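Peer 1: Pasted the sequence and its predicted model underneath.
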Amino acid sequence: MTKLHLHDSVGTGPIRIILLHGLFGDGLNLRGLASLLQNASCYSLDLLNHGKSPLRENSSLEQYAQDIYETTMHLLPAVFIGHSLGAKYTMLFANQYPDSCQAVISLDMINRTYPLDFKKNIFQSLKLLGTPLPSRQIADDLLTPTIPDKKLRSFLIKNLTYQETIKAYTLRISLSALEHDHRQLVTELPINKIQVPSLYLMGSRGYKQNDDGRYLEKYHHNAEYQTIDNAGHWLHGDNPDQTAKQIQRFIDSSIITPKGR
């Protein structure tokens, strides 16, 4: 097992929430959302092969959940909120450690197979940053021809870190490890029905599909599905107030506040 990087809590409330970011992100991505939640202590992780967490090649689905358990066991049971790839991690965790997961809240991701083509382009583009670079601007220039979206480029360039010893920027992630992780997690996961209360929030312009309902029935006993208006895949950034409002409503109606916390 591998200990992941755990960020300091946002809030001091009695309900404990673990937030798991998406592909190419880190634990800071969901802290803005965490600040909008009430009556909770929100902890963010840097997932394996992201941020300040260790790099490891060829991980199994079981190991992903074990890493999260090993890192957060002193905080459990807790509510798990995951965005995109992080949502797939929450499903694995709820399946493997049902007594430690009070609820699953998924942001723009359900347990189904998603196409690889878009992310394949990003992986290929990031390989252009595989050698040390003198500035972030040069990295941006290298990515522009294949990733015209400035917001997305800025997000990806956050994975560069400055190395004082060589006076240059290098990638802090392992692309080969992440490609392996992504291939495993982007598919329909082989899990049992999730028993805990679950909320699926989908961006109106995100990954929502007309037949999502049949996957919810297949993998859940108690799942709620809502659409966030005027939002794409990053719904917590596009419409943070409505996203937080739906999460807060769900937690308030589904989770009994622990005594003594």
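Peer 2: On my side now, so go ahead. Residues are numbered from 1 along each chain as shown.

Peer 1: Lowest average confidence across helices and strands of the chain, where is it?
Peer 2: When the helices and strands of the chain are scored by mean pLDDT, DSSP states H and E, helix 117-126 comes last with a mean of 87.

Peer 1: Only the buried residues of that one, if you could.
Peer 2: Using 16 or more other Cβ atoms under 10 Å as the test for burial, helix 117-126 gives 119, 122, 123, 125, 126. No exception for glycine: its C-beta is placed from N, CA and C like everyone else's.

Peer 1: Just name whatever secondary elements the helix or strand where residue 242 lies is in contact with.
Peer 2: Element membership for residue 242 (DSSP states H and E) is helix 240-254. Using 3 or more Cβ pairs under 8 Å, 6 or more residues apart in numbering; DSSP states H and E, the elements in contact with helix 240-254 are helix 31-34, strand 101-107, strand 198-203, strand 223-228, helix 235-238.

Peer 1: in the first one, what's buried?
Peer 2: Of the residues in helix 31-34, those scored as buried under the neighbour-count criterion (16+ other Cβ under 10 Å) are 33, 34.

Peer 1: model confidence over it, on average?
Peer 2: Averaged across helix 31-34, the pLDDT comes to 96.

Peer 1: Give me the contact list for it.
Peer 2: Where contact means Cβ atoms under 8 Å, 6 or more residues apart in numbering, the residues beyond helix 31-34 that reach it are 7, 10-11, 17, 19, 40, 42, 44, 81, 236-237, 240, 243-244, 247.

Peer 1: give me that answer again for 10 Å
Peer 2: For helix 31-34, the surrounding residues in contact (Cβ atoms under 10 Å, 6 or more residues apart in numbering) are 7-11, 17, 19, 21, 27, 40-44, 81, 83, 107, 235-237, 240, 243-244, 247.

Peer 1: Give me the ChimeraX select line for those, limited to the buried ones.
Peer 2: Entered in ChimeraX, the line below selects the buried ones among those, by 16+ other Cβ under 10 Å:
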select :7,9,10,11,17,19,21,27,40,41,42,43,44,81,83,107,235,236,237,240,243,244,247
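
Peer 1: between the buried residues of helix 117-126, which is nearest residue 196?
Peer 2: residue 119 (28.6 Å; Cβ to Cβ).

Peer 1: Chain neighbours aside, what residue packs nearest to the closest one?
Peer 2: Closest residue to residue 119 apart from its sequence neighbours, by Cβ to Cβ, 6 or more residues apart in numbering: residue 182 at 6.1 Å.

Peer 1: Do a quick rundown of the helices in the stretch 1-150 of the chain.
Peer 2: 31-34, 61-72, 85-96, 117-126, 136-143, 150-157 (DSSP state H, counting those that start in this stretch).

Peer 1: Burial-wise, tell me which of those helices comes out on top.
Peer 2: Of all these, helix 85-96 has the most neighbours on average by mean count of other Cβ atoms under 10 Å, namely a mean of 25.

Peer 1: Who are the packing partners of that helix?
Peer 2: Under the contact criterion of 3 or more Cβ pairs under 10 Å, 6 or more residues apart in numbering; DSSP states H and E, helix 85-96 touches strand 15-20, strand 40-46, helix 61-72, strand 78-83, strand 101-107, helix 175-185, strand 198-203, helix 212-219.

Peer 1: quick revisit: would you mind giving the buried residues of helix 117-126 as a markdown table with distance to residue 167 added?
Peer 2: Formatted as a markdown table, the buried residues of helix 117-126 follow (distance: Cβ to Cβ, whole Å):
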| residue | distance to residue 167 |
| --- | --- |
| 119 | 32 |
| 122 | 27 |
| 123 | 27 |
| 125 | 24 |
| 126 | 22 |
